[in-house]
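Chemist: here is my input, please return the structure:
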Amino acid sequence: MNNSRTYILVTITIFVGLFIPSLVQEGMFLDGVTYSAISKNLAFGYGSFSAPHYTETLYPVFHEHPPLVFYLQSWFFKLFGDAFYTERIFCLLIALLSAIGIVLNWKLLADNPKMKSAYWIPIIFWLSIPLVSWSYKNNLLENTMGVFSIYAVFFILKSLKESKVIFTLLGAILIVLAFFSKGVVGLFPLVAPLIFGITYNERKKSALYFLFLLLFSSAISLLLVSVFPEIKINLVKYFNQQFIPSLSKAREITTNNRFKIIFDLTLNLAIPIILSVFFAIKKWKGKTQKKLPYKKSFLFFILIAISASIPLIISLKQRKFYLIPSIPFYALSFSYLLYRPIKDQIDRIPIYILQWLNRVSIIVLAFVIIFSTVKFGDFSRDEETIKDIYKISKHIPKGTVISTTEDLWSDWGLVAYMSRIGSLSLDCDNKHEYFLLRKEAVLVSPNGYDSVNLKLENYVLLKRTRVNNLSGL
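Modeler: Next comes the predicted model:
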């Protein structure tokens with residue numbers, strides 16, 4: 001493991017290759033566009049921290065999630081404006097902070113300098129999970145919540161190892177921030193002291209620190225809702241509109257099998273699971289020692305990961321990306337499990353191969369940077385829709401409500417891009433100055449409107465005729 005610089009370079013190359021080419025292009029998953037639209041609105045004075053605003057006709061007050069991520073991202077819009085890359089910068093920062101959090105947790109339990117320098121191992125495992133690159137490129141709330149969670153576990157673990165309550169306080173603050181990012185699912189680090197007590201056989205100490213953590217978290221939360229009563233209103237509406245209905249099967253049932261999330265988790269962890277099985281078989285055949293060197297560290301992180309993921313089976317509203325906050329802990333747990341066999345294999349690699357690996361990494365990294373520069377401002381998805389909305393947004397003032405048909409009003413991707421790009425809203429119940437139709441529906445366009453010549457790909461924009469305006473007066 002003396003050639004850690006080569007492996008670090010490989011890790012950086014993989015990180016850049018997975019994230020940068022997509023982040024320099026336009027187009028995101030629906031949820032990510034929605035969250036960036038809400039954040040942009042907040043940055044430019046539409047809505048407030050406790051009452052975020054989406055569109056004039058759909059969630060004019062958005063209480064589907066706690067508001068912290070929107071508030072944090074709104075500062076990026078204040079700094080960089082509403083260019084497409086603003087939320088991309090935020091996404092990249094969150095991914096970098098997640099990687100640093102993994103490194104800090106790894107080094108905290110690594111027991112020697114060589115092992116500490118092998119922090120690239122958990123990063124590689126983390127990046128090997130397909131869900132990671134997809135989620136961090138799509139601006140999901142789970143990404144930011146995951147950052148707060150991994151640092152919360154780091155400070156809780158540090159407080160237990162060094163017997164310093166001040167780090168428990170920091171952990172409590174981060175847990176509250178995780179809760180305000182995505183709700184109840186952000187509270188799983190609360191069990192970290194109890195898991196530490198079980199795995200490291202320090203039950204009395206861990207029970208005491210668990211009480212400290214619970215006390216600090218509760219006190220901080222109560223202080224916030226007391227000083228800012230509007231936050232309490234926001235949280236009550238979040239529980240009533242989102243959390244409780246999701247548990248009671250009253251909204252957005254996405255699966256008939258509550259264990260589907262475990263199947264999704266297993267698929268995403270395929271690489272570390274296969275490696276674990278491979279080395280286990282190799283060890284069994286070689287009849288080597290059966291003792292697991294870093295059993296306690298492995299158990300600690302695997303139990304943290306389980307506490308962050310398995311409770312998701314409670315609800316039938318499941319999405320694969322709900323697993324994101326748990327993934328760093330799975331990566332850490334498998335890294336401790338496989339560190340010794342990986343080290344043994346890597347130590348056998350000849351110097352000349354490492355030199356070639358170093359050169360190849362530099363070449364690939366340079367290619368990715370050049371490719372990303374060429375692709376800057378291109379489209380990774382939804383190109384025609386985005387281009388049409390840019391044209392519409394140049395013609396229509398921000399804040400305009402546009403009449404449309406019911407099917408377009410319920411095209412949530414279109415609604416999200418309209419809000420994100422042009423601060424425009426759609427309305428299928430009332431007539432307004434402008435009317436938007438699908439191109440194939442132009443033959444049944446409403447009376448009193450004329451076509452606006454914008455040469456759109458998928459839509460036709462109509463404007464109320466002058467005669468109709470006069471008759472309306």
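Chemist: distance of the nearest residue to F29 once chain neighbours are set aside from W412?
Modeler: Once flanking residues are discounted, F29 sits nearest to N138: 4.0 Å by C-beta to C-beta, 6 or more residues apart in numbering. All C-beta atoms are positioned from the backbone trio N, CA, C, and that covers glycine. According to C-beta to C-beta, to the nearest Å, N138 stands 15 Å off from W412.
Chemist: between those two, who's got more neighbours?
Modeler: The neighbour comparison of N138 against W412 (other C-beta atoms under 10 Å) goes to N138, with 21 against 13.
Chemist: right, and that one touches M28 too?
Modeler: Yes - with contact defined as C-beta atoms under 8 Å, N138 reaches M28; the gap is 5.1 Å.
Chemist: mind checking what secondary structure the residue nearest to F29 has?
Modeler: Three-state call for N138 (DSSP: H, G, I helix; E, B strand; the rest coil): coil.
Chemist: which parts of the chain are strands?
Modeler: In the chain, the segments counted as strands under DSSP state E are 401-404, 425-427, 434-438, 449-451, 459-464.
Chemist: in TSV: the ones you listed, plus distance to K204, mean neighbour count and mean pLDDT.
Modeler: Output for the strands of the chain, formatted as TSV (distance: least, C-beta to C-beta, whole Å; neighbours: other C-beta atoms under 10 Å; pLDDT from 0 to 100):
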stretch	distance to K204	mean neighbour count	mean pLDDT
strand 401-404	62	22	95
strand 425-427	58	21	96
strand 434-438	65	21	94
strand 449-451	75	16	88
strand 459-464	66	20	93
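Chemist: and of the ones you listed, who's closest to K387?
Modeler: When the strands of the chain are compared by C-beta to C-beta, strand 459-464 sits nearest K387, at 10.7 Å.
Chemist: and the closest one, what does it pack against?
Modeler: Strand 459-464 is packed against helix 383-395, strand 434-438, strand 449-451, with contacts defined by 3 or more C-beta pairs under 8 Å, 6 or more residues apart in numbering; DSSP states H and E.
Chemist: 7 Å instead?
Modeler: Packing partners of strand 459-464 (3 or more C-beta pairs under 7 Å, 6 or more residues apart in numbering; DSSP states H and E): strand 434-438, strand 449-451.
Chemist: for that strand, what is the distance to the chain centroid?
Modeler: Mean C-alpha position of strand 459-464 versus that of the full chain (C-alpha atoms, centre = their mean, to the nearest Å) differs by 36 Å.
Chemist: outside of it, which residues touch it?
Modeler: Contact with strand 459-464 is made by 388, 392, 433-439, 442, 445, 448-452, 454, as judged by C-beta atoms under 7 Å, 6 or more residues apart in numbering.
Chemist: try it again at 10 Å.
Modeler: Outside of strand 459-464, the residues within contact range by C-beta atoms under 10 Å, 6 or more residues apart in numbering are 384-385, 388-389, 391-392, 395-396, 402-404, 408, 414, 431-442, 445-446, 448-454, 469, 472.
Chemist: residues contacting V10?
Modeler: When contacts are counted by C-beta under 10 Å, 6+ apart, V10 is found next to W120, I124, L354, L357, N358, V360, S361, V364, L365.
Chemist: so for this protein, the centremost residue is which one?
Modeler: The residue lying closest to the centre of the chain (C-alpha atoms, centre = their mean) is N143, at 2.5 Å.
Chemist: in this structure that residue contacts G101, no?
Modeler: No - checked against C-beta atoms under 10 Å, the pair N143 and G101 is beyond contact range at 11.7 Å.
Chemist: any idea how far D82 lies from Y35?
Modeler: 14 Å.
Chemist: neighbour count winner among those two?
Modeler: Set D82 next to Y35 and count neighbours by other C-beta under 10 Å: Y35 wins out with 27 against 19.
Chemist: phi, psi for the closest residue to that one other than its chain neighbours please.
Modeler: In space, Y35 comes closest to N139 once its chain neighbours are excluded; the distance is 5.7 Å by C-beta to C-beta, 6+ apart. Note on N139: its backbone torsions stand at phi 60, psi 50 [degrees, to the nearest 10].
Chemist: tell me, how many residues neighbour N139?
Modeler: N139: 25 surrounding residues under other C-beta under 10 Å.
Chemist: you'd agree it is up against Q73?
Modeler: Yes - counting by C-beta under 10 Å, N139 does reach Q73; the two are 8.0 Å apart.
Chemist: quick check: neighbours shared by the two?
Modeler: Going by C-beta under 10 Å, 6+ apart, residues that sit against N139 and also against Q73 are Y35, S36, S39, E87, F90, C91, I94.
Chemist: residues in contact with the fourth one?
Modeler: Same thing as E87. 23, 28, 32-33, 35-37, 39-40, 73, 76-77, 80, 138-139, 420.
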